[in-house]
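**Q** Here's a sequence, model it:
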Amino acid sequence: MMSVPVEPPPDYEYAVSHPPPVLPPGYQVAAILPSYHQAEIDKEKLLAGHDAPPPPRATRRESIAERGEWDEEERDMDLTLLGTDLAFFTAFLAAFLFNWVGFLLLMCFCHTIAARYGALAGFGLSLSKWTLIVKRSTDMVRDENAWLWWLVLAFGFLICMRACAQFVQIKRSWRHLSSSARERLFFFY
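**A** Purely as a prediction, here's the structure:
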């Protein structure tokens, strides 16, 4: 239902002598505005009075070693992502003693590469430990499935040795990695 206006329209002379109110600009004007960074550059050009080309944009993030800046805060932040040997050893013991429950908790709640690789190494050794415990304490081992026990034992040792070797390799090459490679190591492993 349409509403009917209560007041009458304005007089002809009033409408002609007073122009309509100025409306805000349309969407097209707002859509082509420059970015904040570009506006700052343009402002600096106007203030400086010369036309200097904008600085080149970096195609990737550089690490502090590549830039040559050794800011203590950035270096400490990068080292906190790596972790310490104590974190590796503590996570290793927790995953070894608490088996797969410790491994899952450490992988979920630890935010360093050292703790995650320590948890993986502890889980591998825990798998080997439980293989030997079950093999020695039960009659499940027979001649036809003895190869399976050796396979699980070797797989556990392989997980442990691979995690230890990878952590040592990452620790040695840490200062040569870019920040994106460091983040990739943290999120994918």
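**Q** mind listing what residue 107 touches?
**A** Counting by Cβ atoms under 8 Å, 6 or more residues apart in numbering, residue 107 makes contact with 116, 119, 120. Glycine gets a C-beta too; all of them are placed from N, C-alpha and C.
**Q** I'd say the first one and residue 106 touch.
**A** It refers to residue 116. Yes - with contact defined as Cβ atoms under 8 Å, residue 116 and residue 106 form a contacting pair (7.2 Å).
**Q** Show the residue spans covered by the strands in this structure.
**A** Counting by DSSP state E, one finds no strands in the chain.
**Q** what residue ranges in it score low on pLDDT?
**A** 1-3, 5, 27, 29-31, 50-78, 140-144, 188-189 (pLDDT under 70).
**Q** Can you show me the helices along it?
**A** Using DSSP state H, the helices of the chain run over residues 12-17, 27-31, 36-48, 64-67, 72-82, 85-109, 113-137, 146-173, 179-188.
**Q** Could you check how many residues crowd around residue 158?
**A** Neighbourhood size, residue 158 [other Cβ atoms under 10 Å]: 13.
**Q** now it, nearest residue through space, not along the chain?
**A** Leaving aside its sequence neighbours, residue 158 sits nearest to residue 124 (Cβ to Cβ, 6 or more residues apart in numbering; 7.1 Å).
**Q** now residue 151: how far from residue 135?
**A** 12 Å (Cβ to Cβ, to the nearest Å).
**Q** ok, those two, which is more surrounded?
**A** Per other Cβ under 10 Å, whichever of residue 151 and residue 135 has more neighbours is residue 135, with 16 against 12.
**Q** ok so, going back, residues contacting the residue nearest to residue 158?
**A** Going by Cβ under 8 Å, 6+ apart, residue 124 touches 155, 156, 157, 158, 159, 160, 161, 162, 163.
**Q** which of those residues has the most neighbours?
**A** residue 163 (24 neighbours).
**Q** if I pick residue 160, what's in contact with it?
**A** Residue 160 is in contact with 121, 122, 124, 125, 128, counting by Cβ under 8 Å, 6+ apart.
**Q** For stretch 107-121, measure first residue to last.
**A** This stretch, stretch 107-121, spans 12 Å end to end (Cα to Cα, to the nearest Å).
**Q** Pull up the overlap in contacts between residue 116 and residue 106.
**A** With Cβ under 8 Å, 6+ apart as the test, residue 116 and residue 106 both reach residue 91.
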